Every structure is written in structure tokens, then in C-alpha cells.
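Peer 1: my questions concern the predicted model and sequence given below.
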Amino acid sequence: MTVFIIRRLSQSLLVLFITSIVVFAGIYAIGNPVDILIAGDATPAEREQAIRALGLDRSLVEQYGTFIWNALHGDLGRSFVFNQPSIDLILNRMPATLELAFVALALSLVVGIPLGLWAGLRPGTAVDETVMTGSILGFSLPNFWQGMMLIMIFSVWLGWLPSTGRGEVGSILGVRTSLATWSGLTHLILPALNLALFKISLVIRLTRSGVRETMPLDFVKFARAKGLSEKRIVAVHVLKNILIPIVTVVGVEFGSLIAFAIVTETIFAWPGMGKLLIDSIMRLDRPVVVAYLLVVVTLFIVINFVVDILYSLLDPRIRLGSAP
């Protein structure tokens, strides 16, 4: 087990290192931040001074070497625009993004599992066709278009919900969250729903296929033979078996919720990491962009690392199969 963990940890660190090279080279080789940060009437001396202050007068290799050395000490660079540590800017915005992602994840399970069960237990009926058609639309329609339609319907036409911002933030058990106030909750509904639509479709299809595969199995027939009601069979036996792969897939997909939050946060002006990333790209604030991408990649790696470890504990064949 120790060897398995060390191997997975080494692979994760290697992926993070390679990613840092690709991200840094790709971001720092494009554009010139000085053109945006310095006034057009600045003198050549002022321009040269700004270039030296930002460290842009050095070669790309030298800049990367400095970045890696500082990153090993917890410093991912200072924002060109705000003159603050990039990691601080990201961590200040992270709670809003995580809140949005967690609520979207909860919505995908609360809505997707019942609809998937409903469709799976009635194959070929109008209910099944309607639910599956809806899931196809959730997969197919662009996320930004869904967001604009939600704003159009619920904010513009009906006037039920606000379209932008986070609203008032309260405290629950010492955690600052929008869920603690009515204003924050109403501001959270539309962006969370927009972010959850794709995952709802995914959970529906996973649940339906799991139900269809489980219902003909022998233990279900045995439960019927014992005289158990259909509701108990579904709630205890079928649902218990299909929840494990569903929760596993959705758990791994949590990282993509954070990544895809960029579009949702931009549409709804949600003050999270995604909104910060878009603003930083527009201003060529390279340190913030690099720091954001590495933080998101690290989240993906950590989530997959934890899943690998849990799977190896549940099924020893996984770690044995990965041995050289």
C-alpha cells in the first residue's frame, strides 16, 4: 500500500511539474502586459523601468526558474494589476467559487437521481422519453446560452430572481456563505442551476442505466420472491447499488465544476475565481492567470489522488494491477 501511494504521489507531482512548464510558457509567451499597464504617453525610460520592475526584461527560462523557486516557498508571483500576491487574490475568491460548485453538485444529485430513477423504472414510456430528451438538451445546449435564457426568463420576464452578483453574505457555523441570507440565496439560485444543468443530465443518464442494469439481477428477483414491496426494493436494494458509481463519478466531476464555473461566473457576475481569471486575461495579468491554472490543476490532481487511494482500499486488485 505504501509503495502504491508513493507511486501515485510521484506521478501527481510529475504531472504538476509538466503542467507548470506548459502553462507558464504558454501564458508568458503571449502579449506584452506593459502595453496595457503603462499609459500610451509614457516615456521610453518609464516603459523600461516598468519592464524591469515586472521582471519582463529577463529570458523566459530565467523567469520560469524564478517562478519555480518562489513557488516552492509558497509564492506564485505578484499580480501586475493589484500588486498583491496572486495566491491571496485567488484564495479570497475561492470560497465563492466553492460555494457555487457545492450547491451545483447538490442540485445535480437531488434533481438527477429521482429523475433517473423515474425514467429507469418506466423504460419506453412517455416519462422515460421526456426525461431522456431533457437530459440530451442539458448535454447539447451551450452553457452560456442556458445562462442567458435563465436570466431572460426568471430575471427579465418574471422578475423573480436577481441576475447578477452574490448578494448579502451571512455566517453559518463560522463560515461566510450566501446560504445564510435570503438575498444571498436568491442570488445563488440561477448561477448554481446554470452550472448544474450539465451534471444533472449526467446523473440522470447514469442513474437510468444503473437501474436498467440492476433490475433484472437475481438479488432483485429474490427480494420480490420474499414479498418485499417494490418501493423497498428500489429504495434499499437498487438505489444502494447504483449510488456508489454515481457518487464516484460525480465526485471526480467536482473538479470540472470548478473549472467550468468560469463561464457561469462571467455571465452572472459572480465574484469567484473564474471571474478573476477572465478579468486577469483581459488585462494580461500573467501571474494571476498562471496561479489560477495551477491551483485548479492541483485540485484536479488531489481529487483524483484521493479517489485512487479510496479505490485501492476498497479493491486491492487496483494497486496490485498497477504494480510493475
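Peer 2: All right, it came through fine. Since the model is a prediction, treat every value here as computed from it, not as a measurement.

Peer 1: for the stretch 101-250 of the chain, what spans make up the helices?
Peer 2: 126-140, 143-150, 182-214, 218-225, 230-232, 239-267 (DSSP state H, counting those that start in this stretch).

Peer 1: out of those helices, which one sits most buried?
Peer 2: Of all the helices of the stretch 101-250 of the chain, helix 182-214 carries the top mean neighbour count, a mean of 22, counting by mean count of other Cβ atoms under 10 Å. For glycine as for every other residue, the C-beta is placed from the backbone atoms N, C-alpha and C.

Peer 1: which strands and helices sit next to it?
Peer 2: Helix 182-214 sits against helix 86-120, helix 126-140, helix 143-150, helix 239-267, with contacts defined as 3 or more Cβ pairs under 8 Å, 6 or more residues apart in numbering; DSSP states H and E.

Peer 1: nearest to Leu173, of those helices?
Peer 2: Comparing these by their distance to Leu173 (Cβ to Cβ), the top pick is helix 86-120, with 13.8 Å.

Peer 1: quick one, the closest one and helix 126-140 angle?
Peer 2: 160 degrees (axes from the mean of the first three to the mean of the last three Cα atoms, to 10 degrees).

Peer 1: which helices and strands does helix 86-120 pack with?
Peer 2: helix 126-140, strand 175-177, helix 182-214, helix 239-267, helix 273-282, helix 286-314.

Peer 1: tell me the mean pLDDT for the third one?
Peer 2: Computed over helix 182-214, the mean pLDDT rounds to 89.

Peer 1: please apply the same query to the fourth one.
Peer 2: The average pLDDT within helix 239-267 is 79.

Peer 1: what of the fifth one?
Peer 2: Per-residue confidence for helix 273-282 averages out to 85 on the pLDDT scale.

Peer 1: next, the angle from it to helix 239-267.
Peer 2: 40 degrees.

Peer 1: mind listing what's buried along helix 273-282?
Peer 2: Buried residues in helix 273-282, counted by 16 or more other Cβ atoms under 10 Å: 273-277, 280-281.

Peer 1: now swap in stretch 110-117 and tell me
Peer 2: 111-113, 115-117.

Peer 1: hang on, the earlier thing: quick check: which of the helices of the stretch 101-250 of the chain is nearest to Gly167?
Peer 2: helix 182-214 (3.5 Å).

Peer 1: hang on, the earlier thing: would you list the helices and strands packed on helix 182-214 in JSON lines and tack on distance to Leu161?
Peer 2: Shown next, in JSON lines, are the helices and strands packed on helix 182-214 (distance: least, Cβ to Cβ, whole Å):
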{"stretch": "helix 86-120", "distance to Leu161": "14"}
{"stretch": "helix 126-140", "distance to Leu161": "20"}
{"stretch": "helix 143-150", "distance to Leu161": "8"}
{"stretch": "helix 239-267", "distance to Leu161": "14"}
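
Peer 1: where does the prediction get shaky in the chain?
Peer 2: Along the chain, segments meeting pLDDT under 70 span 1, 4, 31, 35-36, 39-41, 307-308, 310-324.

Peer 1: so how far is Phe254 from Arg8?
Peer 2: Separation of Arg8 from Phe254 (Cβ to Cβ, to the nearest Å) stands at 19 Å.

Peer 1: again, but for Phe67
Peer 2: Distance from Phe67 to Phe254, by Cβ to Cβ: 28 Å.

Peer 1: check Val103 too.
Peer 2: According to Cβ to Cβ, Val103 stands 12 Å off from Phe254.

Peer 1: what do you get for Arg283?
Peer 2: 29 Å.

Peer 1: same thing with Thr164?
Peer 2: 25 Å.

Peer 1: also Leu56?
Peer 2: Leu56 sits 36 Å away from Phe254, going by Cβ to Cβ.

Peer 1: ditto for Ser79
Peer 2: 27 Å.

Peer 1: centre of the chain to stretch 166-177, how far?
Peer 2: Per Cα atoms, centre = their mean, to the nearest Å, the displacement of stretch 166-177 from the mean C-alpha position of its chain is 21 Å.

Peer 1: sorry, wrong one. I was asking about stretch 101-121.
Peer 2: The answer for stretch 101-121 is 17 Å, by Cα atoms, centre = their mean.

Peer 1: before we move on, what about stretch 161-180?
Peer 2: That offset, for stretch 161-180, works out to 19 Å (Cα atoms, centre = their mean).

Peer 1: quick one: terminal-to-terminal distance for that stretch?
Peer 2: 17 Å (Cα to Cα, to the nearest Å).

Peer 1: use 7 as the first number for this chain going forward.
Peer 2: Right, with 7 as the first residue, what we last looked at is stretch 167-186.

Peer 1: residues touching that stretch, excluding its own?
Peer 2: Outside stretch 167-186, the residues that touch it by Cβ atoms under 8 Å, 6 or more residues apart in numbering are 101-102, 105, 109, 157, 160-162, 187, 189-196, 274-277.

Peer 1: among the helices of the stretch 107-256 of the chain, which is nearest Pro293?
Peer 2: Minimum separation from Pro293 across the helices of the stretch 107-256 of the chain (Cβ to Cβ) falls at helix 245-273, 18.0 Å.
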